[in-house]
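Colleague: Pasting a predicted model and its sequence here:
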Amino acid sequence: MNKQDQINMIREDFINCQKVLLAIGDETRQSILLVLMGTDCQTGLRVGEITEQTHLSRPAVSHHLKVLRDAGVILMRKEGTKNFYYINVSTELGLLRTLMLNIDKFMQNYYGNDGM
């Protein structure tokens, strides 16, 4: 694959990752993701539990959870009237891995092993 083909592939990767990059680029959403990652609970957390751990308001947590859900980073499970949020393990975050691998391969091919 030539240099321009690799650049085009990386361009496409960036396009595919835009929603995820926007969703996880926000510091507040990063803190919510860290809370979700840090829990021992495999079933997810409710908004109130996330609110307690992030010290954000319920409306703020709900807003950020919606952004993360819309980007495919987290999922929600309903149990009666309760909603549980958890990280989507088969997530769009995998697109970021592809993007980084393609950038790394490009850097090695054209700038040597140290990326310089």
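Modeller: Yep, it's here. Numbering: from 1, shown residues only.
Colleague: make it CA atoms for all contacts and neighbour counts henceforth
Modeller: Will do.
Colleague: Quick check: mean pLDDT of whichever helix in the chain runs longest?
Modeller: Secondary structure of the chain read by DSSP state H shows that its longest helix is helix 3-24. For helix 3-24, mean pLDDT rounds to 95.
Colleague: Just the CA coordinates for the helix or strand that that helix is followed by, please, in CSV.
Modeller: Downstream of helix 3-24, the next assigned helix or strand under DSSP states H and E is helix 27-38. In CSV, the C-alpha atoms belonging to helix 27-38 read as follows (Å, rounded to 0.1, in the frame of the first residue of the first chain):
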residue,chain,number,x,y,z
GLU,A,27,-13.4,15.7,30.5
THR,A,28,-16.8,15.2,32.2
ARG,A,29,-17.6,12.2,30.0
GLN,A,30,-14.1,10.9,30.7
SER,A,31,-14.8,11.0,34.4
ILE,A,32,-18.1,9.1,33.9
LEU,A,33,-16.3,6.5,31.8
LEU,A,34,-13.7,6.1,34.5
VAL,A,35,-16.5,5.6,37.1
LEU,A,36,-18.1,2.9,34.9
MET,A,37,-14.7,1.2,34.4
GLY,A,38,-13.9,1.3,38.1
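Colleague: Which other helices and strands does the next helix or strand after helix 27-38 contact?
Modeller: Going down the chain from helix 27-38, the next helix or strand is helix 47-54, by DSSP H and E. Helix 47-54 makes packing contacts with helix 27-38, helix 58-70, strand 82-87 when contacts are defined by 3 or more C-alpha pairs under 8 Å, 6 or more residues apart in numbering; DSSP states H and E.
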